[in-house]
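Asks: Starting from these lines, generate the structure:
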Amino acid sequence: MAVAYVILNGELRGSPDFYRKRLAETPGDVFCADGGARHAEYLGITPLALYGDFDSADPALLSRYAGQGVEIHRFPVRKDKTDGEILLEALADRHYEKIFILAGTGGRSDHFLMNLQLAFRFEGLVFLAEGEEMFAVESGAVLEDCLGATVSFLAVGGPVRGLFLEGFRYPLTDAVLWPGSSLCVSNVATAEKCFVKFESGQLFCVVSTKALDFS
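Replies: Sure, this is the predicted structure:
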């Protein structure tokens, strides 16, 4: 499976060992958007390329990476797209089956919310942090390797109609999930394979393997 890792300029939540282990277990090409370069340096990773206007990046770090043969793609500060969006568009023709987004959450709220919407534009996008994965779900999806995890589903942009959930503590049959509804928040995967099907709408999924306190 062709895999890429895109490091953005948000919060790199979790321990560095988690990300290093993930990259070792599931190798892939690494790219950074602007200030994401500092996260790559922190993790001891040399990316293939850096994209951005670099208003958030250390010039000395950029020079060091350039000296190591890292491609530097510089764009104007005044532009109509974020650095992350530009980078993902550049990767669209490379046919990666999975693109893991690191440091895509936290930081500025407008960037965080925009980043999440990119999951519905680019196939195979997964926001990855220690103990948590977030991604858009297609109808007919099968969730594996999440037995015991807390799984939440959110409707985006309009209602999700004809929703079926199987393999969860709280299954659903032909339900309607409205934006702003907490109907599908904090479900739990109770099977090795969990099935998700719906007739229409856009569905976002958050899988958390962290221990949650319901007290």
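Asks: list the helices and strands the worst-scoring helix or strand of the chain on mean pLDDT packs on?
Replies: Taking mean pLDDT, DSSP states H and E as the measure, the helix or strand of the chain with the lowest value is helix 109-117, at a mean of 82. Packed against helix 109-117, as judged by 3 or more Cβ pairs under 8 Å, 6 or more residues apart in numbering; DSSP states H and E, are the following elements: helix 83-91. Yep, even glycine has a C-beta here, placed from its N, CA and C like the rest.
Asks: coming back round to it: could I get the CA-only coordinates of the least confident helix or strand of the chain as CSV?
Replies: These are the backbone C-alpha positions of helix 109-117, laid out as CSV (Å, rounded to 0.1, in the frame of the first residue of the first chain):
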residue,chain,number,x,y,z
SER,A,109,-9.3,27.0,15.2
ASP,A,110,-10.0,28.2,11.6
HIS,A,111,-7.1,26.1,10.3
PHE,A,112,-8.2,23.1,12.4
LEU,A,113,-11.8,23.2,11.1
MET,A,114,-10.6,23.7,7.5
ASN,A,115,-8.2,20.8,7.8
LEU,A,116,-11.0,18.4,8.8
GLN,A,117,-13.0,19.4,5.8
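Asks: and it, which residues are buried?
Replies: Taking 16 or more other Cβ atoms under 10 Å as the neighbour-count basis, helix 109-117 is seen to contain the buried residues 111-112, 115-116.
Asks: now, which of those sits nearest Y5?
Replies: N115 (14.7 Å; Cβ to Cβ).
Asks: Leaving out sequence neighbours, find the closest residue to that closest one.
Replies: G104 (4.7 Å; Cβ to Cβ, 6 or more residues apart in numbering).
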